[in-house]
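[1] Could you look at this predicted model? Sequence included:
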Amino acid sequence: PLCQPGLPALPSSEEDSDITQEELSKAMAKEYDSMKTFNVFKEILVSDLSQEERSNLIDSRWVHRRKSDGSVRSRLVCRGFNEQVHSRDDVYASTPTFSTFKLILTHGLARGHSFYVGDVSTAFLHAEVIQKTHVIPPSDYISELHPTEGDCVVWSLRKAMYGLKTAPKSWQSHVIQIFKGVGLDQMRSDPCLFKLVNQDVYVINHVDDLFISGYSSGVIQEVIENIRAHLLLKDVGWLTPSKEIQFLGRIIRHEGNQITIGIQPDYIEEMIREFNLEKSRELRTTGFHSSGSEDLEASEDAWSERSIKDFRRIVGRLQWLTGIRPDIQYAVKELAREITDIHPSSWKKVKHLLKYLKGTLHHCLHLRQVSSVELPEEINVFCDADWAGCPNSRKSTTGFTVSVFGNLIYSASKTQQSIALSSACL
């Protein structure tokens, strides 16, 4: 007897709706086994809860997804939007910047480091909950308790379940404690970057993904085993010459004297298909400037809610590309400025940029190895700005790049907040 029937299972996408019942049963059994292994919850009766705890019960549901290897992943998640959080600091967890990742790759290339990528299975289930939380189990759960009539079984969580608002913060706090215990110091420059005490070994933690760079594969293996004593760490692979791996959705390829960072062509091709641009000609520029009068007239047009969502979604997908495609940063920045006031010219700009990406589908970021290394590391910063470049607001745009050993680590194109009265004010 449970507190309520529970919610129906939810496929992650339309493509996941073809999952068979046999596959679901195996995947759900595996998830239950993981939860029991990590001692995620304790069964209690709802009659043992206070009135406040009963009013804050969180329900749960299954989410199913077919992975890239064809297997099925079933995850039991809490509907965390119902969770009452005492402090906002318990919600947010940091992730490393992509610039940190490029810097560690550049540093490792210059010093002949070895690179390792790992993945922590059922990451959140390792971490203890920050606050007392009670969850209504799914309808298919078989309880070991036998409540009386009118009573029911709920879970008192010991570990953080997926879907909780506080789960990411719980997991990050847990990882930091483990890393400190195995001799990894947290860096001040990036809270998700760790360094092995007195040794040239770095660990980047992005939620459940780990990237390790070190001067010796033996030392890295020792760090891996120390972490594996506390976490269920799986090997993704070693980044060695002539080999490529995937990390954070990017394709990292080691070519001996350089490392390239790219993306699966499908990511861009899907956007091209969405706009029916498969047969369109490729363009050599990233965008164009529309006249201010055209934009002002077009702003009076009404746009459907779906059209606005589609535009914002496509701009978000393009923004994700800018970390490895600095050539489109200005064009994407201009599109992002229009997400609150979309015009017909906005769609023309999107299509123009996609036609450019179609012709540069396989462009990637190159991080080259330097022939000799001298400390301190060579850092070059370049900055420039136009004046009154926006025809509507007359605001200027600033662009800058930061490179280490000649490799681009960080770049950006930003609209200035204030209006410069002359080029001397930039």
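    On my side now, so go ahead.
[2] OK, contacts around the most centrally placed residue in the chain?
    Of all residues in the chain, the one closest to the mean position by C-alpha atoms, centre = their mean is residue 248, 6.7 Å from it. If you count contacts by C-beta atoms under 8 Å, 6 or more residues apart in numbering, residue 248 has them with 98, 101, 206, 209. In this view, the C-beta of every residue, glycine as well, is placed from N, C-alpha and C.
[3] closest to residue 73 among the residues you listed?
    residue 209 (15.8 Å; C-beta to C-beta).
[4] So that closest one sits against residue 123, correct?
    No: look at residue 209 against residue 123 with C-beta atoms under 8 Å: they stay out of range, at 9.2 Å.
[5] in the stretch 51-200 of the chain, which spans are helices?
    Counting by DSSP state H, counting those that start in this stretch, the stretch 51-200 of the chain has these helices, from start to end: 51-55, 98-110, 167-181.
[6] Need the winner for burial among those helices.
    Burial of those is given as mean neighbour count (mean count of other C-beta atoms under 10 Å); helix 98-110 ranks first at a mean of 21.
[7] Compute the number of surrounding residues for residue 241.
    10 (other C-beta atoms under 10 Å).
[8] residue ranges of the helices in the stretch 251-400 of the chain, please?
    With DSSP H, counting those that start in this stretch as the criterion, the stretch 251-400 of the chain has helices spanning 265-274, 292-298, 305-321, 329-336, 344-359.
[9] Go through those helices and name the closest to residue 154.
    That would be helix 305-321 among those, by C-beta to C-beta, at 36.7 Å.
[10] For that closest one, name the packing helices and strands.
    When contacts are defined as 3 or more C-beta pairs under 8 Å, 6 or more residues apart in numbering; DSSP states H and E, helix 305-321 sits against helix 265-274, helix 329-336, helix 344-359.
[11] Would you mind finding the most buried of these?
    It is helix 329-336: most buried of the helices and strands packed on helix 305-321 by mean count of other C-beta under 10 Å, with a mean of 20.
[12] what does that helix contact?
    So helix 329-336 is contacted by 286-287, 315, 318-319, 321-322, 346, 349-350, 353, 356, 397, 399, 411-415 (C-beta under 8 Å, 6+ apart).
[13] Also stretch 271-283?
    Contacts for stretch 271-283 (C-beta under 8 Å, 6+ apart): 314, 317, 318, 350, 351, 352, 354, 355, 356, 357, 358, 359.
[14] In contact with residue 363, which residues?
    262, 325, 327.
[15] my guess is the first one meets residue 249, correct?
    No: the pair residue 262 / residue 249 is not scored as a contact, 10.8 Å apart, by C-beta under 8 Å.
[16] Residue 209 and residue 123 - which one has more neighbours?
    The neighbour comparison of residue 209 against residue 123 (other C-beta under 10 Å) goes to residue 123, with 22 against 18.
[17] State the distance from the more buried one to residue 161.
    12 Å (C-beta to C-beta, to the nearest Å).
[18] Sketch out the low-pLDDT regions of the stretch 1-150 of the chain for me.
    Counting by pLDDT under 70, the stretch 1-150 of the chain contains low-confidence ranges at 1-17.
[19] quick one: secondary structure of residue 412?
    Assigned state for residue 412: strand (three-state reduction, DSSP: H, G, I helix; E, B strand; the rest coil).
[20] give me the number of residues near the residue nearest to it when sequence neighbours are not counted?
    On the basis of C-beta to C-beta, 6 or more residues apart in numbering, the spatially nearest residue to residue 412 that is not a chain neighbour turns out to be residue 400, at 6.2 Å. Neighbour count for residue 400, taken as other C-beta under 10 Å: 14.
[21] shouldn't residue 400 be in contact with residue 411?
    Yes: at 6.8 Å, residue 400 counts as touching residue 411 under the criterion of C-beta under 8 Å.
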